[in-house]
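Asker: Pasting the sequence and the predicted coordinates here, then a few questions.
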Amino acid sequence: MKNQESIPTSKVARATQFVKATAKVGGNYIKHYGKKLMDPSLTKDQLHSDNAEDVYEALSNLKGSALKMAQMMSMDKSLLPKAYSDKFAMSQYSAPPLSGPLVIKTFKGSIGKSPFDIFDSFNLEASNAASIGQVHKATKDGKKLAVKIQYPGVASSISSDLKMARPLAVQLLNLNDAEIDRYFVEVETKLLEEADYQLELRRSIEVTHLCEGLENVFFPNYYPEYSSEKIITMDWLEGLHLKEFLATNPSQEVRNQIGQALWDFYHFQMHTLKAVHADPHPGNFLFTQDGKLGILDFGCIKVIPEDFYGSYFALINPNILDKTDKMMAIFKELEFILEEDSEHLQGFFFDLFYKMIEILGRPFTHSTFDFGDDAYVAEVYGYFEYVASIKELKNANAARGSQHGLYVNRTFFGLYTLLNDLKAKINVELPIVSYEPSV
């Protein structure tokens, strides 16, 4: 992959990239409909493929919030056609890396020294390059280290990037204006946190300490003395990324063991810590042949407010699904149903979101659940794609659902997708939520 010699950092330079991408998307639509006049049977597959290629090229050169948005959309398969999600998934760990000279310049600007002045060895070629930063191998006193370096201009460009990305997002996402606005507010909040490497370092040390008793998971140690506001140094973990791991044809026993470790890790965070690693894309995990799960990158942590937690997880208790009054009260607390809705709309949205909850919460109605069931995962994403297309939602003046649900839902989508990729069968522990909604 070709190294990137520079990153546009000025607002004008970055805006130009967004304008070019938006124009290309518009041009692709014109070409598509021109061809369709000649061939009415033509599908949108090529259109989506062309758009995905053009948009990804622009966003990958910008890095930062632009590329992170693509990464998030690739996880949420209900938002985009497959051509986009497949292409944008590259942003998880194979974006174009920075060149060696730019790496050294960035390092000196943040920590005051060249990496060669700090480490015994340092590989200028990036091992992984994602949306916010890239990772390099290094050694110090006999230890193998991973050094994560934040791309130049990422933190300062987040807010302006998201404003400029809005027209492009409107073209690509199946959301109304109210949903787009709230989506961007929540994304901006989390991106500002992810760009704060000092916050990430503190969280990484804290969360890994709290999770160290979990079985079959392992974490790196972190080194504050070799870290800064733009650099995080940690142990280099050995393991395979998901595609590489699956290519080794692991046994079902190993798949189940890793899947259980993944489930238990998220279950513990959701229900004990009330703060969750909300970025469950494959690039943040390593898999070993003996069934162990390495967990990386605690930059995106979603703290779950107690009132939201009580309402959200009360919904997945099987004994509440037949209690219409309580379900209606919870839907109102979670803003799925609004007080100003007519009686007809309240009934419409109740049925819509009841079905959504039934599907998402289905694993919790079993003591064991087989995530290798492709039909179930297809049903999950198919239903959310259907929900996104409903005119009552697309034309609404207000967004539906608590803003806290954006990252919690996305976490579950990512978790379910990983477990499906693993074809894992796991033991499910139902969280005990004694919360009573106000009626």
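Answerer: Good, I have the coordinates. Quantities reported herein were computed from a predicted structural model and do not represent experimental measurements.
Asker: and the closest residue to residue 364 other than its chain neighbours, what helix or strand is that in?
Answerer: Nearest residue to residue 364 in three dimensions, chain neighbours excluded: residue 316, at 4.8 Å (CB to CB, 6 or more residues apart in numbering). (C-beta placed from N, C-alpha, C; glycine too.) Assigned by DSSP states H and E, residue 316 belongs to neither a helix nor a strand.
Asker: Also residue 286?
Answerer: strand 285-287.
Asker: Tell me which helix or strand comes right after that strand.
Answerer: strand 293-295.
Asker: Mind listing the strands that following strand pairs with, and their directions?
Answerer: According to DSSP bridges, strand 293-295 forms sheet pairs with strand 217-218 (parallel), strand 285-287 (antiparallel).
Asker: Can you say which of those strands is packed in most?
Answerer: Burial of the strands paired with strand 293-295 is given as mean neighbour count (mean count of other CB atoms under 10 Å); strand 285-287 ranks first at a mean of 23.
Asker: quick one: the strands in this structure?
Answerer: With DSSP state E as the criterion, the chain has strands at 121-122, 128-129, 133-140, 143-150, 217-218, 231-235, 275-277, 285-287, 293-295, 301-303, 368-370, 425-427.
Asker: what would those strands look like in JSON lines with mean pLDDT and distance to residue 114?
Answerer: Listed next are the strands of the chain as JSON lines, based on pLDDT from 0 to 100; distance: least, CB to CB, whole Å:
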{"stretch": "strand 121-122", "mean pLDDT": "97", "distance to residue 114": "8"}
{"stretch": "strand 128-129", "mean pLDDT": "78", "distance to residue 114": "20"}
{"stretch": "strand 133-140", "mean pLDDT": "93", "distance to residue 114": "12"}
{"stretch": "strand 143-150", "mean pLDDT": "94", "distance to residue 114": "12"}
{"stretch": "strand 217-218", "mean pLDDT": "96", "distance to residue 114": "31"}
{"stretch": "strand 231-235", "mean pLDDT": "96", "distance to residue 114": "12"}
{"stretch": "strand 275-277", "mean pLDDT": "90", "distance to residue 114": "32"}
{"stretch": "strand 285-287", "mean pLDDT": "96", "distance to residue 114": "29"}
{"stretch": "strand 293-295", "mean pLDDT": "96", "distance to residue 114": "29"}
{"stretch": "strand 301-303", "mean pLDDT": "89", "distance to residue 114": "31"}
{"stretch": "strand 368-370", "mean pLDDT": "96", "distance to residue 114": "51"}
{"stretch": "strand 425-427", "mean pLDDT": "96", "distance to residue 114": "47"}
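Asker: Select, out of those, the one closest to residue 259.
Answerer: For the strands of the chain, the distance to residue 259 is smallest for strand 425-427, at 5.0 Å, taking CB to CB.
Asker: coming back round to it: any chance of the strands paired with strand 293-295 in CSV, plus distance to residue 50?
Answerer: CSV is the format used below for these (distance: least, CB to CB, whole Å):
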stretch, distance to residue 50
strand 217-218, 41
strand 285-287, 31
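Asker: Which among the ones you listed is found nearest to residue 99?
Answerer: The minimum distance between residue 99 and the strands paired with strand 293-295 falls on strand 285-287, with 26.2 Å, by CB to CB.
Asker: rewinding a little: how far away is the residue nearest to residue 364 from residue 200?
Answerer: 30 Å (CB to CB, to the nearest Å).
Asker: So if I had to pick from these two, which one is more boxed in?
Answerer: Neighbours around residue 316 and residue 200, counted as other CB atoms under 10 Å, are more numerous at residue 200. The numbers are 23 against 19.
Asker: Check the more buried one and give its pLDDT.
Answerer: Predicted confidence (pLDDT) for residue 200: 92.
Asker: Contact partners for it?
Answerer: By CB atoms under 8 Å, 6 or more residues apart in numbering, the residues touching residue 200 are 193, 194, 232, 297, 298, 299.
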